[in-house]
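Asks: the sequence and its predicted three-dimensional model are supplied below.
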Amino acid sequence: MNAALGRDRSLPTREGLKRAFLDHLLYTQNKSLAIASRNDLYQALAHTIRDCMLRTWFDTASSYKAKHSRMVAYLSAEFLMGPYLGNNVLNLGLMDEVKAAIAELGLDFDDLANQEEEPGLGNGGLGRLAACFIDSLASLEIPAIGYGIRYEYGIFYQTIIDGWQVENTDKWLRYGNPWEIQHAEWSVEIKLGGRTETYTDDAGKFRVRWVPEKTVAGVPFDSPILGYRVNTANTLRLWRAEATEAFDFPTFNRGDYLGAVSKKVTSENLTKVLYPNDESDQGKELRLEQQYFFVSCSLQDMLRIQINRGQPVTEFHLAFAIQLNDTHPAIGVAELMRLLVDEHQIVWEQAWDVTRQTFAYTNHTLLPEALERWPLKLFERVLPRHLEIIYEINARFLNEVRIRFLGDESRLSRLSLIDESGERYVRMAHLACVGSSAINGVAELHSELLKRDVLADFYAMWPEKFTNVTNGVTPRRWIALSNPRQTSLVSRAIGNDWIKDFSRIKELEPFADDAGFAADWQAIKRDNKIELAGQLLQRTGIRVDPDSMFDVQVKRIHEYKRQHLAVLHIVALYHRLKSDPNLDVVPRTFIFGGKAAPGYHRAKLIIKLITSVGDVVNNDPAVRDRLKVVFLPNFSVTRGQRIYPAADLSEQISLAGKEASGTGNMKFAMNGALTIGTMDGANVEIREEVGADQFFLFGLTAEEVYALRARGYSPSDYYRNNAELHAVLDLIRSGFFSRGDANLFAPLIDELMHTDPYMLLVDYQSYVDCQGEVDRTYRDTQDWTRRSILNAARSGKFSSDRSIRDYAERVWKVGPAPVSS
Ligand code: KOT
């Protein structure tokens, strides 16, 4: 409909943007400027920007089709995309023009952009990584499609009531989603449950077919993923479950209208809600159905594309490289086998070759509770045919093992796809390893630990399959969009090529010693802190001093991430200040944010501990100018965009050997925050890149953690031998922070004193000493600023563009396929 835009790919003028905006206001929202709500204005602007991308999107698809480019299919149960509007305007290269056009209409761009409900279709790191990767794939002009689930309700909205987390539903689709296009014509049918039966086909061949108990329809919703200032717009294709028939006609004809509709409701429950657990496996039937649903939809879609291109299904692996984002889509290995063998009548051996050459698997965790396994009974009930296929894969695989390791029975049971040590389970990581040609961890240390520990037997079997791809984050969203002040300063100094080629950020290094640049850098940090302070006041009622050090820990709340270690430090400082009111400490604002899984009581108690300590500290006149503790509710991509640019100190304090990589650590570093952290995940590589002076290191190494655990660890020794730690734990235990309720935090403190599985007490002194070092360093503002600039200048490795190049070369064997203009 839009004459002002989108006819070709030349960028629209300011007048064209204004005209298109007003047209959408009238023809899409049916409002005038005078009566439009902010949502109407946002919707009109979103549609205007969408129009600017459609031609590129269409041309990209045509170009891939014509060139038969090998395509990356990134399969992920989560895509935590964050708001689209700002990012799309940025990637179009239209930020200044759009802002000006909107201003000329008497409106404010940021104000409208803030109207967008972010699609929270992920829990945390894993889902956000998928979003950064999809941005980098498009920006590097690599043919790719992201496949996932269009949850009707994303991650819950967190509020804090009386210091506790309260979950609210996330109705992100309430006002519609202007960034998606539904393609009902590409719907597919998904089977579930039932049984299998054998039959003889026309050629006299013995075959198996699946007689499902029910079927549901999968309907794709596509969003364009525009690369940064290129002619490529890839697709994010998310599947929604619908009833295959709107009505169950036999029931309907019996006069049971409600009964007939209820079947529709049941089908649609499949994609209703995102499971809000990060790094824990709950083994729920609906979750297995969700996984199978989106994987089968996606594989059927790829086969349709392959056939539509006139290519044989036996060459599927030449057309697609499928990346499994952890094991949530690992059922794809069995599903592709089923589709090839049962539905396309390919012989097993050939189908297996195709399958193995198609898949690659990324592992994202070493935590045993996150390794997915499905009770065999449940699996059989939902996916009877897949269980048979998995048995067949397993039998052939174990034969291979037997030949390689004669007589090693225990190795067989360790490697088997079926865990038979007690109740029987299907091990999804094993299925992923056997069915993939490449297996990777997400940071050097993590990949080493995988080979040594979790996947050691697979490493012994196929060392050549293993590789490391260190995570990265997109500098577009995490600097150019979130931190416009830093972006213009940097671009004034070194030009703006760094946004596309982030390795060039190193050209900033010489400016660390440029007094004028440093003064600007420092002023920008202060402005960002003032802005965040405004948000904190508005959302929590707590007033903080922008001249205090902003010491930030934002990430999911989990014991292994040790938010409570930071609390022990805060309580220690509080205790010191109370004992010596004249003590000279650098004023600090401790900022926390993050969600706890709703069923993870210990994590929820950690939130309550943070807010309770905050209540006491923030309201104590003796310390309140020097210590502030804020828990910012509902940490999300949107909130992160304001937080990272305003941080002075980034807390990355997980127990070594637990955090696979971390990606928040990278966002902070790029935005000039120095890190206090352990030798865990990508921290190791960050320290290596930015230099030890820019990284405050403390704590045991992963090796030392293993050694200590092997020797036998007794936390009570640390409690007894460290007077300050003793006092801190006693103070929390006593009820001092819980209005005299000595029971409230008892479970937390007792666990620390008796088992302390994440070794807080071991690392406590080293952490507190290290914070002392941070304090001393921060006092010399010029020195701190210099380190902050160096830190950002040396963060080039942590762009997701680098990660994607690594995958493209080493795993997918694909290259760019630019779309001609
Ligand atoms: C969740 C469930 C099962 C298996 C893994 C997870 C998982 C891992 N969820 N998030 N992660 C994080 O992934 C990030 C991206 O690789 C890492 O940076 C981070 O360390 C993981 O904790």
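Replies: Noted; the coordinates are in hand.

Asks: in terms of helices and strands, where is residue 772?
Replies: Taking DSSP states H and E as the definition, residue 772 sits inside helix 760-779.

Asks: burial check on the residue of the chain found nearest the ligand, number of neighbours?
Replies: Taking Cβ to the nearest ligand atom, the ligand has its nearest neighbour within the chain at residue 125, 3.0 Å off. C-beta: built from backbone N, CA, C; applies to glycine. Look at residue 125: counted by other Cβ atoms under 10 Å, it has 25 neighbours.

Asks: thought it was touching residue 667?
Replies: No: using Cβ atoms under 8 Å, residue 125 is not in contact with residue 667, being 11.1 Å away.

Asks: and stretch 733-750, how far apart are its ends?
Replies: In stretch 733-750, first residue to last residue: 8 Å (Cα to Cα, to the nearest Å).

Asks: check the offset of the helix holding residue 772 from the chain's centre.
Replies: 29 Å (Cα atoms, centre = their mean, to the nearest Å).

Asks: equivalent analysis for stretch 332-341, please.
Replies: Worked out by Cα atoms, centre = their mean, stretch 332-341 lies 27 Å from the chain centre.

Asks: follow-up on the earlier one: any residues in contact with both of residue 125 and residue 667?
Replies: When contacts are counted by Cβ atoms under 8 Å, 6 or more residues apart in numbering, residue 125 and residue 667 have no shared neighbour.

Asks: would you map the strands across the stretch 651-800 of the chain?
Replies: 674-677, 695-697 (DSSP state E, counting those that start in this stretch).

Asks: now mean pLDDT, distance to the ligand and mean neighbour count too, for these, in a markdown table please.
Replies: Listed next are the strands of the stretch 651-800 of the chain as a markdown table, based on pLDDT from 0 to 100; distance: least, Cβ to the nearest ligand atom, whole Å; neighbours: other Cβ atoms under 10 Å:
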| stretch | mean pLDDT | distance to the ligand | mean neighbour count |
| --- | --- | --- | --- |
| strand 674-677 | 98 | 13 | 25 |
| strand 695-697 | 99 | 18 | 21 |
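
Asks: one step back: quick one: list the elements packing against the helix holding residue 772.
Replies: On a contact count with 3 or more Cβ pairs under 8 Å, 6 or more residues apart in numbering; DSSP states H and E, helix 760-779 meets helix 563-579, strand 674-677, strand 695-697, helix 715-721, helix 723-733, helix 746-754, helix 781-793.

Asks: I'd guessed residue 423 sits against residue 375; true?
Replies: Yes: in this structure, residue 423 is within contact of residue 375 by Cβ under 8 Å, at 6.3 Å.

Asks: higher neighbour count, these two?
Replies: residue 375 (16 against 10).

Asks: the more buried one contacts residue 425, correct?
Replies: Yes: counting by Cβ under 8 Å, residue 375 touches residue 425, with 5.9 Å between them.

Asks: about what we covered before: quick one: the closest residue to the residue of the chain closest to the ligand other than its chain neighbours and residue 174, what's the gap?
Replies: Leaving out its chain neighbours, the residue that sits closest to residue 125 by Cβ to Cβ, 6 or more residues apart in numbering is residue 663, at 5.5 Å. Per Cβ to Cβ, to the nearest Å, residue 663 is found 29 Å from residue 174.

Asks: spell out which residues of the protein are next to the ligand.
Replies: 124-126, 129, 278-279, 326, 364-365, 370, 442, 471, 659-663, 681 (Cβ under 6 Å from any ligand atom).

Asks: show the pLDDT at residue 1.
Replies: On the pLDDT scale, residue 1 is placed at 44.

Asks: same question for the one 5 residues further on.
Replies: On pLDDT, residue 6 comes in at 50.

Asks: now do residue 787
Replies: So, for residue 787, pLDDT stands at 98.

Asks: hang on, it packs against residue 777?
Replies: Yes: counting by Cβ under 8 Å, residue 787 does reach residue 777; the two are 7.5 Å apart.

Asks: quick check, residue 286 in a strand?
Replies: No: assessed by DSSP: H, G, I helix; E, B strand; the rest coil, residue 286 does not belong to a strand; its assignment is helix.
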